[in-house]
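Student: here is my input, please return the structure:
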Amino acid sequence: MTAIRSLAYAARGLALLAALQTAPAFAEDPALIQKFGGAAGMVKIVDDATNIWLADPRIKDTFDDINLVRFKKHLSDQLCELVGGPCKYTGRNMYEAHKGLHLNTAEFNALAEDLQVAMDKNHVPFFAQNRLMALLAPMQHDVVTRP
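Tutor: Next up is the predicted model:
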């Protein structure tokens, strides 16, 4: 990873922390989904992110023994709905979905970093990436179950 990309991710992290104080549960801008390529674009982003996660030694073991087709469907629906798209997430709440995984903060952060790589690959504008990350950040307390 280049120094510039590392600085960009650090800046995103700071922006994300600032946004946490005011982030609503869902995007208020109905056009935001278009910055992700619509519902079909979100499916592509989730597919790319999943491939990155499966190759990332920090978190790849987290995906052992899960139904990847079901996982990708639920995640793309969830992210699409969060950014104001037409999708409806019908999966479990974040605590129930993650409690058996015993994830820590470093793993949560690795997942977020890799999602940003997938969004970069799909040419999602920086501000739209930050908006999605701000919407996801409050879920950390339900996803991370160990120090």
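Student: helices and strands of this protein: which one has the lowest mean pLDDT?
Tutor: Averaged element by element with mean pLDDT, DSSP states H and E, the chain has its least confident helix or strand at helix 3-20 (a mean of 48).
Student: next structured bit after that helix?
Tutor: Note on helix 3-20: by DSSP states H and E, the next helix or strand toward the C-terminus is helix 32-35.
Student: buried ones in that following helix?
Tutor: L32, I33, K35 (16 or more other Cβ atoms under 10 Å). Every residue, glycine included, has its C-beta placed from N, CA and C.
Student: ok, for the last one, nearest residue in space, not its chain neighbours?
Tutor: Leaving out its chain neighbours, the residue that sits closest to K35 by Cβ to Cβ, 6 or more residues apart in numbering is A128, at 3.7 Å.
Student: so who does the one you found touch?
Tutor: For A128, the contacting residues are L32, K35, F36, V83, M119, by Cβ atoms under 8 Å, 6 or more residues apart in numbering.
Student: number of nearby residues for the spatially closest residue to T62 that is not a sequence neighbour?
Tutor: Leaving aside its sequence neighbours, T62 sits nearest to L101 (Cβ to Cβ, 6+ apart; 5.9 Å). Residues lying near L101 (other Cβ atoms under 10 Å) number 17.
Student: tell me the spacing between L101 and V43.
Tutor: 23 Å (Cβ to Cβ, to the nearest Å).
Student: same check on Q78?
Tutor: 12 Å.
Student: can I get the helix or strand encompassing D47 in CSV, CA atoms only?
Tutor: Assigned by DSSP H and E, D47 falls within helix 38-55. Extracted C-alpha coordinates of helix 38-55, given in CSV (Å, rounded to 0.1, in the frame of the first residue of the first chain):
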residue,chain,number,x,y,z
GLY,A,38,-27.3,1.6,-8.2
ALA,A,39,-28.4,-1.7,-6.8
ALA,A,40,-26.4,-3.6,-9.5
GLY,A,41,-23.3,-1.6,-8.6
MET,A,42,-23.6,-2.4,-5.0
VAL,A,43,-23.7,-6.1,-5.9
LYS,A,44,-20.5,-5.7,-7.8
ILE,A,45,-18.9,-3.8,-4.9
VAL,A,46,-19.9,-6.5,-2.4
ASP,A,47,-18.6,-9.2,-4.8
ASP,A,48,-15.2,-7.4,-5.2
ALA,A,49,-15.0,-6.8,-1.4
THR,A,50,-15.8,-10.4,-0.6
ASN,A,51,-13.0,-11.5,-2.9
ILE,A,52,-10.6,-9.1,-1.2
TRP,A,53,-11.7,-10.3,2.3
LEU,A,54,-11.2,-14.0,1.3
ALA,A,55,-7.6,-13.2,0.3
